[in-house]
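In: no sequence on hand, only this structure:
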Ligand SMILES: Cc1cc2nc3c(=O)[nH]c(=O)nc-3n(C[C@H](O)[C@H](O)[C@@H](O)COP(=O)(O)OP(=O)(O)OC[C@H]3O[C@@H](n4cnc5c(N)ncnc54)[C@H](O)[C@@H]3O)c2cc1C
Ligand SMILES: Cc1cc2nc3c(=O)[nH]c(=O)nc-3n(C[C@H](O)[C@H](O)[C@H](O)COP(=O)(O)OP(=O)(O)OC[C@H]3O[C@@H](n4cnc5c(N)ncnc54)[C@H](O)[C@@H]3O)c2cc1C
């Protein structure tokens, strides 16, 4: 029976919803033991919600003498110590900006195979499925090595509850910082509440949005759906949105359950970043726009008319 | 400054990928380009050398055809190139990092090694970390700000949701670049002509003492991502179309 570790990510001390899909993926691997590892955020208050998705043990990993702003190398070494302490067969987590970084540091440090941005895992077969060629193909990768490291694409796997009674314990890792990378400053001021790569719903505005202010029309709609807003490169290049909002091959890769594209032509490069979304809706004035060939539902219309009506209807019906 | 830039030769992102057999693709029938993220790395290296003097050396691991990507980087201002040749279409990140390390160490002493933030073909997002670990150097990926001074690099990157982090590393170091760091230049015709005369050193991976048998990950299958076959169009006036949409999203798709 496998022992599977999950690196849990928190936001302001709260377990992010995207972790639950990762726990669900771990449960799909036969009846092994699932150990949730928490590097930040309190394990005590996370115990119930992690147990609800099948975690058996919740471990608070602490580093002697280090705080939350510890260097990324130090965190990776603490995780390595946890892998050894609990004899993990695999460590799963999220391919968020921070997840990708810590998993890659860990893989390099322990000289283990890593698959980043996986869509599916099969621990028995030691394979993962992931995007390849900018989202045009899926690749199945076979990994050899004592421990499999998999950073999963957020929202790639639907979360399903399976309550277990989780226990809480602490693991003080005694590790040394190699002293190579120093964190000087973390600036959260500009941060939105919902991160684009982890949002469950995204409403995106393309070139015809025409100004930064007009994104407010989309924001209101996105907020009602508990989601956030995105932009095409054409809109970013025109200065209507920051690059942090760009979805696509040279922007973010996202996989929300609902993607609403407003005024997007449907370029290959944009789709490289969002085609694995569960449901894609397009709003476009041109009935022959290529996007209607590659989405699930379409409305022919002006985004400046359709989106406000959508917001209104959502207010009534949600 | 002696700056090495790792540039991968990748299929054009707009190219149609034809899968051959279980795990190969038709690379002869496909246009290749320099990995787009690596262009930020080349541009940054060239700008630093324009300012501080020194040399920019491009290092590529790939088939013989990858020389075209080195030429493209040279047209942007890189001075020399090293091509480590391999026979296979796919090489794992661990082996790639070992080949890059051996090629760089054999050539000179880096002040900075730049890479892109990730390769758009195999999307491994890890080669720079493995390279840095093997060389005992600090690494930061996805940087979009860089300031040098006092033997140190101060770099900035995004850590999700628009939050930013500033980190400090001492030189030499490995830095993975992304959009926002600079605007890669568009080479002019004379630069392209000049690039043709620059030196490319070609080495087989075995000559560097790197074995391709140490791979820990292997591509076993490639398949096309299933394409959607066309939207269900929702007609009527705006209100009717929107109401139909909300009903479907709620009751059938259950996504809201
Ligand atoms: C679908 C797929 C998934 C894979 N997943 C894994 C995996 O999980 N673990 C693993 O160990 N290997 C994996 N590999 C193999 C490996 O990722 C690549 O084949 C290997 O060439 C390195 O590329 P990368 O995508 O990892 O590069 P990345 O790590 O994404 O590239 C980062 C940067 O490194 C530099 N770089 C990368 N390759 C070269 C090169 N050949 N020449 C010069 N510079 C280069 C570039 O600057 C690039 O921007 C995978 C291969 C495939 C086909
Ligand atoms: C190497 C490379 C990388 C790239 N990376 C990315 C990337 O990461 N992300 C990305 O998005 N793009 C990327 N692109 C650019 C991409 O090719 C397209 O140019 C871009 O996505 C187009 O943006 P758009 O759909 O917003 O604009 P357009 O292509 O201009 O489409 C606008 C659409 O809106 C419709 N429209 C007009 N007015 C309205 C209205 N009032 N209401 C509703 N619909 C309206 C039009 O009919 C049209 O279909 C990349 C390109 C290259 C070459």
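Out: Looks like it arrived, so ask away. Values in this document were obtained by computation on a predicted structure and should not be read as measured data. Ligands and ions are numbered 1, 2, ... in the order given.
In: tell me where the model's unsure across the stretch 1-150 of chain A.
Out: Across the stretch 1-150 of chain A, the ranges flagged by pLDDT under 70 are A:67-69.
In: how about residues contacting the one helix or strand residue B:129 maps to?
Out: Assigned by DSSP states H and E, residue B:129 belongs to helix B:127-135. With contacts defined as Cβ atoms under 8 Å, 6 or more residues apart in numbering or on different chains, helix B:127-135 is touched by A:104-105, A:107-109, A:111, B:6, B:93-94, B:96-98, B:100-101, B:104-105, B:113, B:115, B:119, B:138-139, B:141, B:173-176. Where you see a C-beta, it was placed from the backbone N, CA and C, and this is true even at glycine.
In: just the buried residues of those.
Out: A:104-105, A:107-109, B:6, B:93-94, B:96-98, B:100-101, B:104, B:113, B:115, B:119, B:138-139, B:141, B:173-176 (16 or more other Cβ atoms under 10 Å in any protein chain shown).
In: related to what we said a few turns ago, of the contacts of helix B:127-135, which are in range of ligand 1?
Out: Among the contacts of helix B:127-135, the residues lying close to ligand 1 (Cβ under 6 Å from any ligand atom) are B:6, B:93, B:94, B:96, B:115, B:119.
In: now, the residues you listed that are in helices?
Out: Per DSSP state H, helices hold the following members of these: B:93, B:94, B:96.
In: so what's residue A:45 up against?
Out: Taking Cβ under 8 Å, 6+ apart, we find residue A:45 in contact with residue A:13.
In: that one and residue A:171, how far apart?
Out: Counting by Cβ to Cβ, to the nearest Å, the gap from residue A:45 to residue A:171 is 18 Å.
In: got it, and residue A:82?
Out: 6 Å.
In: name the residues contacting each of those two.
Out: Residues touching both residue A:82 and residue A:171 (Cβ under 8 Å, 6+ apart) are A:59, A:61.
In: who has more neighbours out of those two?
Out: The neighbour comparison of residue A:82 against residue A:171 (other Cβ atoms under 10 Å in any protein chain shown) goes to residue A:82, with 21 against 17.
In: list the helices and strands the helix or strand harbouring that one packs on?
Out: Following DSSP H and E, one finds residue A:82 within helix A:72-85. Secondary-structure packing of helix A:72-85 (3 or more Cβ pairs under 8 Å, 6 or more residues apart in numbering or on different chains; DSSP states H and E): strand A:3-8, strand A:57-63, helix A:97-110, strand A:167-173, strand A:181-187.
In: if we go to 7 Å?
Out: When contacts are defined as 3 or more Cβ pairs under 7 Å, 6 or more residues apart in numbering or on different chains; DSSP states H and E, helix A:72-85 packs onto strand A:3-8, strand A:57-63, helix A:97-110, strand A:167-173.
In: and after that helix, which helix or strand comes next?
Out: By DSSP H and E, the next helix or strand past helix A:72-85 is strand A:90-94.
In: for the residue in the stretch 51-200 of chain A positioned nearest to ligand 2, pull up the helix or strand it's in.
Out: Here the stretch 51-200 of chain A gets closest to ligand 2 at one residue, residue A:134, 8.8 Å apart by Cβ to the nearest ligand atom. Using DSSP H and E, residue A:134 sits in no helix or strand.
In: give me the distance between the residue most central in space within chain A and ligand 1.
Out: The residue lying closest to the centre of chain A (Cα atoms, centre = their mean) is residue A:154, at 2.8 Å. Separation of residue A:154 from ligand 1 (Cβ to the nearest ligand atom, to the nearest Å) stands at 17 Å.
In: tell me who's in contact with that residue.
Out: Shown in contact with residue A:154 (Cβ atoms under 7 Å, 6 or more residues apart in numbering or on different chains): A:18, A:94, A:95, A:96, A:197, A:198, A:255.
In: go with 6 Å
Out: With contact set as Cβ atoms under 6 Å, 6 or more residues apart in numbering or on different chains, residue A:154 has these partners: A:18, A:94, A:197, A:198.
In: same check on residue A:59?
Out: Residue A:59 neighbours (Cβ under 6 Å, 6+ apart): A:35, A:37, A:169, A:171.
In: what residues are bridge-paired with the closest residue to the third one other than its chain neighbours?
Out: Across the structure, with Cβ to Cβ, 6 or more residues apart in numbering or on different chains as the measure, the residue nearest residue A:169 apart from its sequence neighbours is residue A:59 (5.5 Å). Beta-bridge partners recorded for residue A:59 (DSSP bridges): residue A:37, residue A:169.
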